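A.B. asks: structure here, sequence nowhere to be found:
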């Protein structure tokens, strides 16, 4: 099994994971998710302050750990997609500049136009 860069899997042929990652990424940047996290932190603090049984403290900490791990994975996915999109745009700009120096307009200019609009597809 080979692993592809997430940006290489973009476009119309994106899989379920890529679509799910995009939806979750949008949700995690919302006010609703912030309030959920704030409630989770308040709940963990309340469990500790109330001195509840160790099982409840471990349960609360387990949820915090789970949310943290999932967010780290999501952040890495978003980072890789953004990194690859930037690199594609830089490559397209360089190719278009080389074409322009040669006095012609062709495929590189079309690629540059496509790269500029790439973030709309991801």
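C.D. replies: On my side now, so go ahead. Quick caveat: nothing in here was measured; it's all calculated off a predicted structure.
A.B. asks: name the helix or strand of this protein that has the lowest mean pLDDT.
C.D. replies: Lowest on mean pLDDT, DSSP states H and E among the helices and strands of the chain sits helix 118-121, with a mean of 56.
A.B. asks: low pLDDT regions in the protein?
C.D. replies: 1-14, 105, 113, 115-122 (pLDDT under 70).
A.B. asks: can we see that at 50?
C.D. replies: 1, 6-7, 9-10 (pLDDT under 50).
A.B. asks: go ahead and flag the most central residue of it.
C.D. replies: Nearest residue to the geometric centre of the chain (Cα atoms, centre = their mean): residue 78, 2.0 Å.
A.B. asks: ok, that residue touching residue 26?
C.D. replies: No. Using Cβ atoms under 8 Å, residue 78 is not in contact with residue 26, being 10.4 Å away. The way it works is simple: take the backbone N, C-alpha and C, and place the C-beta from them, glycine included.
A.B. asks: let me know the outermost residue of the protein.
C.D. replies: Furthest out from the centre of the chain (Cα atoms, centre = their mean) sits residue 103, at 38.8 Å.
A.B. asks: and the longest helix anywhere in the chain, what other elements does it pack with?
C.D. replies: Secondary structure of the chain per DSSP state H: the longest helix is helix 54-101. Where contact means 3 or more Cβ pairs under 8 Å, 6 or more residues apart in numbering; DSSP states H and E, helix 54-101 is packed against helix 16-28, helix 31-50, helix 107-116, helix 118-121.
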